[in-house]
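Novice: got a predicted model here, sequence first, then my questions.
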Amino acid sequence: MQSTRTLLDKIFLVLKGLGMGAANKIPGVSGGVVAFVAGFYEEFIYSLQKINGKAFKLLINGRFTSFFRYTNGLFLGLLFLGMIVSYFSVSKILDYFLENYPLYVWSVFFGMIVGSIYYISKDFKNWNIKTICALIIGIIIGISISFLDPAKENDNLWFVFFCGIISVSGMTLPGFSGSFILILLGNYVLLLVDSVNALYDTIFDVFNGDFSFIEDVLRIRMLKVLAVFTLGSITGLVTFSHIISYVLKHFKNITLSVIMGFIIGSLGVVWPWKKIIYKTIEDGTFLLDSAGEKVIENYERFMPEFSSESYIAMAYIVLGILIVLALERYGQKTRRINV
């Protein structure tokens, strides 16, 4: 499979990784949806499943070429390269637009979710009592999660490890937003803002020959938190991939029904017309994170008014749907070539 990939395929794989990485960081948006719609979800899951005992045995024995081929290394490597680049670039651009044009950004995401629902459901013909019940269960879980109140921040390393496992759920389970789950667990700012900022500062200091951060207790603590979170994420990614691979193999129709339900339920999270509610301290002032940003507590949703801004937002919803349809056409083309 790896040897047949053209240069264009490789470039598109990196771009897909960029899309997944950016989607994973946005609360309510799932990187797994990008994989599903772009047509490489099952290859992604089955490739991750290959990271097992046999793979580690090949690695330990120094059979690196066999390890690379067995784990579909080119595919995973290019995909993760895109995710890493996204985390340090595209996601920053998204942060800017979310800060300055939140309505339009959420509108695009909402349209993409709607388009994803259409994409997944249009070819699904196996409706019966079991799959309908699975769909309803997925919707109920998705909606319930979107209305939960966030917990308080917790930097206990065992809990951070657990957060890492949960955070990658959005990559393996479309419609299940890992970043939104981190908000509910109270650790979104700690793990995706504060600890990453600590890594940025550390890399900058090292390049400038400044190693004084070694004596900075808070910086070292944040780096430990990031390391444990990363370890948890890797553990979760491999674990979830084995579980999803098994259920896709043995209960594919029910699994797809639940995934559709999750995605439908996630529409409430990405509803464009909402007001951000920030955490406040007892004296009424906003609670700030280490970067000086206000900490989000929850969202207050409302119906749109008839205004030019709302009409533009609706146009962006259509744009989001068109993006998904374009990804779908590319995914179909890719599958035909690979066949």
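Specialist: Received, thanks.

Novice: state the distance from the residue nearest to H242 when sequence neighbours are not counted to I132.
Specialist: Spatial nearest neighbour of H242, chain neighbours left out: Q49 (5.5 Å); criterion: C-beta to C-beta, 6 or more residues apart in numbering. Bear in mind the C-beta positions are built from the backbone N, C-alpha and C, glycine included. Distance of Q49 to I132, computed by C-beta to C-beta, to the nearest Å: 29 Å.

Novice: and if you look at L18?
Specialist: 36 Å.

Novice: ok, those two, which is more surrounded?
Specialist: For L18 versus I132, the count of surrounding residues by other C-beta atoms under 10 Å is larger for L18: 22 against 12.

Novice: correct me if wrong, but K275 is in a strand.
Specialist: Yes. Membership of K275 in a strand is supported by DSSP: H, G, I helix; E, B strand; the rest coil.

Novice: the residue nearest to H242 against I243, yeah?
Specialist: No. With contact defined as C-beta atoms under 8 Å, Q49 and I243 do not form a contacting pair (9.5 Å).

Novice: between these two, which is the more surrounded one?
Specialist: Q49 (20 against 13).

Novice: around P272, how many other residues sit close by?
Specialist: Here the number of neighbours of P272 (other C-beta under 10 Å) works out to 22.

Novice: do the same with the one 5 residues further on
Specialist: Look at I277: counted by other C-beta under 10 Å, it has 11 neighbours.

Novice: right, and it touches R301 too?
Specialist: No. Between I277 and R301 there is no contact under C-beta under 8 Å: 10.8 Å.

Novice: report the rounded mean pLDDT for stretch 107-120.
Specialist: Across stretch 107-120, pLDDT averages out at 81.

Novice: and the contacts of that stretch?
Specialist: Applying C-beta atoms under 8 Å, 6 or more residues apart in numbering, the external contacts of stretch 107-120 come out as 26, 28-29, 33, 36-37, 174-175, 256, 259-260, 263-264, 266-267, 270-272, 313-314, 316-325, 328.

Novice: C-alpha coordinates for it, CSV please?
Specialist: Provided in CSV are the C-alpha atoms of stretch 107-120 (Å, rounded to 0.1, in the frame of the first residue of the first chain):
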residue,chain,number,x,y,z
SER,A,107,-20.7,28.4,11.4
VAL,A,108,-18.1,26.6,9.1
PHE,A,109,-17.7,23.9,11.7
PHE,A,110,-21.5,23.5,12.1
GLY,A,111,-21.8,23.2,8.3
MET,A,112,-19.0,20.6,8.2
ILE,A,113,-20.8,18.5,10.9
VAL,A,114,-24.1,18.7,9.0
GLY,A,115,-22.2,17.7,5.8
SER,A,116,-20.6,14.8,7.7
ILE,A,117,-24.0,13.5,8.8
TYR,A,118,-25.2,13.6,5.2
TYR,A,119,-22.0,11.8,4.1
ILE,A,120,-22.2,9.0,6.6
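
Novice: for T230, give me its contacts.
Specialist: Here T230 is in contact with G164 (criterion: C-beta under 8 Å, 6+ apart).

Novice: can you rerun that using 10 Å?
Specialist: By C-beta atoms under 10 Å, 6 or more residues apart in numbering, the residues touching T230 are V160, F161, G164, L191, S195, L199.
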